[in-house]
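> mind looking at a prediction? Sequence and model below.
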Amino acid sequence: MRLNRSQLLQQLLQQERVSNSSIMREESERKLPGRQFRTPTKQQDELRMLRTFCVLAVALLSGCISPRQAQLGLIYNEAASYHAPDRNPIVVIPGVMGSSLRDRLSGTVVWGAFDAHSVDPEEPEGARLMALPLEPPPSDDVEPVGVLERITIRLVGLPLQLEVYARILSTLGAGGYRDESLGTGGEVDYGDDHFTCFQFAYDWRRDNVENAARLHAFLEEKRAYVRAEYRERFGIDNPDVKFDIVAHSMGGLITRYFLRYGDQDLPRDGSLPELNWAGAEMVGRVILIAPPNAGSLNALHALVEGRKIGPTLPYFEPAILGTFPSSYQILPRARHGVAVWDDEDAEPLEDLMDPELWERLGWGLAAKDQDRVLRMLMPEVDDAAVRRERALAAQRRSLDRARVFMAALDRPATAPEGMELFLIAGDASPTPRRTAVRAADGALRVVERAPGDGTVLRSSVLLDEREGRQWRPILDTPIPYRSVMLLPESHLGITKNAVFRDNLLFWLLEEPRGPRAAN
């Protein structure tokens, strides 16, 4: 069995401890009454020094010497200094929990600050700030304030900074993309050169269709801004500005809906919107990183069991997550065989989007033990039955809307000429693929895992319609992609991978653009 550097280091350290204990035991056995330990023999001393040297060497190799990486600044130096109008500006779209949220009335950071003053969703005031109102329309005073580049948490009293999307932005910076929000905010001195890169921060709790409409408005605004820059810098009037998009996780679903439908809402009668590719008119190349195109089983488990973000980060009750329409829109597709009954027959669940099923099994907002959370969310309602009815109605709306949203994304379509789509997937981490559902109480149990990034299956990124059917050798997918890259990385680790970072800049800056490759 091959060991990675960390495992090898642990093994050597253990061997060193055993070796030192053995030497001390031998010295103790040779100890004479009234005298101190004898000096170790020359052979023992040399052996100890050799082992200590090996441990230190492996430690240095593990912590200080990383795998060989491309020098992005050197490779893309000339491309980075080129800002002519034939180079598309870029938009970065994060995934779930990837944007900071703030209450515009009080200035309280609802998501993005993790210290003693952070919002605690387990307290009444924090729960009301974090959750969306259950009554339609679900409007509140929380607004997105920027892409979450890093988070700082405290571990045993010490600050620990974790990268979120900083690596993507730094990679784009090596390619000469100057982030507008950092430049205009004074965080980075770009001079007047900050019109080529934009962050689309959004409220990830909300409906993805709603955020797709906001993305449409955002790009219209930025297109007018870039056109004004081109007019001033290059003397060009009304150029045909197109954007490239780099989107991670759920940001990829927002992007795909926007490309197909622009700012259209979902019809109220349950039919699908017109597939007019309105958003693609403003877009050139799209790079989607680990999008849950066929959903994620983790989303179902979170809605049923709640979600603990990290050892020092808050716990989200199922009823809190259940107020987020987006939570239902990343559920897995039942047709792919992702859920079976936990009995001898193991029959599949035919419809994961059935509100009556959720109510019967006590999932999400239908869980009876969540009334204490509903009481925090609706302090003005004294009657538990009324609280439950409101919660069930909100869950019904979210499930019905999620069903149509999924169908709108899953319908096969040919991408318009000039719009190119790239998919990036992780395929080396065991990722939940099938869960067993206990009929008595709705409890879930993961019974099968498959290749993915730990959060999203490889097959989900590809929207592989062979799942749950008889296997065939050629991929069956409705996504009109140009290229796919598979990496042995975690869901967020993909953005830090050296191979991905190099290829990201190549796709954006150097690879010829033309007709989409045949699917």
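Now that the structure is in, tell me what you want to look at.
> how about low-confidence regions in the protein?
1-67, 114-117, 149-164, 179-194, 310-312, 515-519 (pLDDT under 70).
> try it again at 80.
Per-residue confidence of the chain (counting by pLDDT under 80) places the weak regions at 1-68, 83, 113-118, 138, 148-166, 178-195, 309-314, 514-519.
> which segments of it make up each domain?
Domain segmentation of the chain under automatic domain parsing yields 5-29+39-64, 91-512.
> out of those domains, flag the one nearest Leu72.
domain 91-512 (4.1 Å; C-beta to C-beta). Where you see a C-beta, it was placed from the backbone N, CA and C, and this is true even at glycine.
> just to revisit the earlier point, need the winner for burial among the domains of the chain.
Sort those by mean neighbour count, taking mean count of other C-beta atoms under 10 Å, and domain 91-512 sits at the top with a mean of 18.
> to Gly73, which of the domains of the chain lies closest?
Between Gly73 and the domains of the chain, the tightest spacing by C-beta to C-beta is seen for domain 91-512, at 5.3 Å.
> figure out the helix or strand that the nearest residue to Arg231 once chain neighbours are set aside lives in.
With sequence-adjacent residues excluded and distances taken as C-beta to C-beta, 6 or more residues apart in numbering, Arg231 is closest to Asp237, at 5.9 Å. If you go by DSSP states H and E, Asp237 is not part of any helix or strand.
> for Arg434, see how far away Asp237 is.
57 Å (C-beta to C-beta, to the nearest Å).
> mind checking the SS state of Glu229?
helix (DSSP: H, G, I helix; E, B strand; the rest coil).
> same question, the one 10 residues further on
Pro239 carries the three-state label coil when classified by three-state DSSP.
> the one 5 residues further on too?
Asp244 falls in the strand class when you classify it by three-state DSSP.
> thinking it is in contact with Met282, fair?
No - in this structure, Asp244 is not within contact of Met282 by C-beta atoms under 8 Å, at 10.6 Å.
> state the distance from the residue nearest to Arg231 to Arg227.
Relative to Arg227, Asp237 is positioned 8 Å away (C-beta to C-beta).
> elements contacting the helix or strand Asn503 falls within?
If you go by DSSP H and E, Asn503 is part of helix 498-509. Judged by 3 or more C-beta pairs under 8 Å, 6 or more residues apart in numbering; DSSP states H and E, helix 498-509 is in contact with helix 72-75, helix 166-174, strand 283-289, strand 483-487.
> 10 Å - rerun?
Judged by 3 or more C-beta pairs under 10 Å, 6 or more residues apart in numbering; DSSP states H and E, helix 498-509 is in contact with helix 72-75, helix 77-80, helix 166-174, strand 243-248, strand 283-289, strand 420-426, strand 483-487.
> nearest to Ala127, out of those?
For the helices and strands packed on helix 498-509, proximity to Ala127 was assessed by C-beta to C-beta; strand 243-248 is nearest, at 27.3 Å.
> skip ahead from the closest one and say which helix or strand is next.
By DSSP H and E, the next helix or strand past strand 243-248 is helix 250-261.
> by contact count, what packs against that next one?
Using 3+ C-beta pairs under 10 Å, 6+ apart: helix 250-261 touches strand 90-93, helix 208-234, strand 243-248, strand 283-289, helix 325-328, helix 384-410, strand 420-426.
> parallel or antiparallel, which strands does the first one pair with?
Spelled out, that is strand 90-93. Within its sheet, strand 90-93 is paired with strand 197-199 (parallel), strand 243-248 (parallel), according to DSSP bridges.
> please convert those strands to a markdown table, extending it with distance to Ile474.
Below are the strands paired with strand 90-93 laid out as a markdown table (distance: least, C-beta to C-beta, whole Å):
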| stretch | distance to Ile474 |
| --- | --- |
| strand 197-199 | 37 |
| strand 243-248 | 27 |
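> out of those, which comes closest to Gly337?
For the strands paired with strand 90-93, proximity to Gly337 was assessed by C-beta to C-beta; strand 243-248 is nearest, at 26.8 Å.
> any idea how far the closest one is from the chain center?
Taking C-alpha atoms, centre = their mean, to the nearest Å, one finds strand 243-248 lying 14 Å from the centre of the chain it belongs to.
> please renumber so the chain begins at 36
Sure, I'll start counting at 36 from here, so that last one is strand 278-283.
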